[in-house]
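Peer 1: I'd like to go over a predicted model; first the sequence, then the structure.
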Amino acid sequence: MAKTHVTMTVNGETVEGLVEPRTLLVHFIRENLQLTGTHIGCETTHCGACTIDIDGMSVKSCTMFAVQAEGAAITTIEGVANADGTLSALQEGFRQMHGLQCGFCTPGMILRAQRLLQENPTPSEEEIRFGIAGNLCRCTGYQNIVKAIQYAAAKINGTEFQEAAQ
C-alpha cells in the first residue's frame with residue numbers, strides 16, 4: 001500500500017512522517033513519534049484513553065486517521081506540563097487529590113479536563129462529571145478525579161480550593 005506524507009504540529013513541534021492511509025492517529029503518535037503517553041484502550045471511542053487535543057477540540061485518536069490530522073495542532077499528555085517542566089495545574093491536581101490509581105485512563109482524562117477548563121474555567125461538579133463522561137476509569141469511582149479537576153480550576157483561577165464536605 002502506498003504511503004502518504006503527513007505533517008502536523010505535536011506539542012509545539014512540527015513533525016512529519018510517512019503513513020499508510022489506514023494508520024490510526026493513535027498509532028502514528030505512539031509508534032512513529034514514540035509518544036507513548038497516549039494510551040490505546042478500546043479502539044472504538046468508548047474508553048477515552050487515547051484522548052488528545054486537536055485544533056482546540058478533545059478527540060479520541062483511536063478513530064481518526066493520521067492523514068486526517070494533516071496540518072493540525074495536536075497536544076498529547078507529553079505536552080501538558082509547564083514550559084519549565086513543572087507539573088501543570090491538572091497534573092498537580094491529580095497528584096494532590098489522588099485522582100489516579102492504575103493511571104491508564106489518566107492521560108486521556110487530563111487532556112479532556114484541560115479542554116473542559118479552557119471552555120469553562122469554573123465548572124460545577126455536575127459540569128465536570130458531564131465533561132469527562134466520555135472517559136472511563138475502572139479504578140477510582142471518579143470522586144478524586146472530580147476533586148483533581150476542581151483543584152486545578154481553583155489554582156488556574158487564583159482562588160482557594162475548597163474541598164466539598166462528604
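Peer 2: Yep, it's here.
Peer 1: residue contacts, the closest residue to residue 148 other than its chain neighbours?
Peer 2: Beyond its immediate neighbours in the sequence, the residue positioned closest to residue 148 (Cβ to Cβ, 6 or more residues apart in numbering) is residue 99, lying 3.3 Å away. The C-beta positions use only the backbone N, C-alpha and C, and glycine is treated the same way. If you count contacts by Cβ atoms under 8 Å, 6 or more residues apart in numbering, residue 99 has them with 93, 106, 109, 140, 144, 145, 147, 148, 149.
Peer 1: from these, which has minimum pLDDT?
Peer 2: Across these, the smallest pLDDT goes to residue 140, namely 85.
Peer 1: is that residue in contact with residue 97, as I believe?
Peer 2: No. Here residue 140 does not reach residue 97: they are 10.3 Å apart, not a contact under Cβ atoms under 8 Å.
Peer 1: which residue is nearest the middle of the protein?
Peer 2: With distances taken as Cα atoms, centre = their mean, residue 111 lies nearest the centre of the chain, 2.1 Å away.
Peer 1: give me the domain ranges for this protein.
Peer 2: With automatic domain parsing as the criterion, the domains of the chain are listed as 4-79, 89-157.
Peer 1: looking at those domains, spot the one closest to residue 163.
Peer 2: Using Cβ to Cβ as the measure, domain 89-157 is the one of the domains of the chain that comes nearest residue 163, at 6.5 Å.
Peer 1: start to end distance for that closest one?
Peer 2: Taking Cα to Cα, to the nearest Å as the measure, domain 89-157 stretches 10 Å from start to finish.
Peer 1: check stretch 47-55 too.
Peer 2: Across stretch 47-55, the straight-line distance between its terminal residues is 21 Å, by Cα to Cα.
Peer 1: buried stuff in that stretch?
Peer 2: Buried residues in stretch 47-55, defined by neighbour count with 16 or more other Cβ atoms under 10 Å: 47, 48, 49, 50, 51, 52, 53, 54.
Peer 1: quick one on the thing from earlier: export the helix or strand that contains the residue nearest to the centre of the chain as CSV, just CAs?
Peer 2: With the criterion set as DSSP states H and E, the secondary-structure element containing residue 111 is helix 106-119. These are the backbone C-alpha positions of helix 106-119, laid out as CSV (Å, rounded to 0.1, in the frame of the first residue of the first chain):
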residue,chain,number,x,y,z
THR,A,106,-5.1,9.5,33.3
PRO,A,107,-3.5,10.9,30.2
GLY,A,108,-6.8,11.0,28.3
MET,A,109,-8.6,12.2,31.4
ILE,A,110,-6.2,15.1,31.9
LEU,A,111,-6.4,16.1,28.2
ARG,A,112,-10.2,16.1,28.3
ALA,A,113,-10.2,18.0,31.6
GLN,A,114,-7.8,20.5,30.2
ARG,A,115,-10.1,21.2,27.3
LEU,A,116,-13.1,21.4,29.7
LEU,A,117,-11.3,24.0,31.9
GLN,A,118,-10.4,26.0,28.8
GLU,A,119,-14.0,26.1,27.7
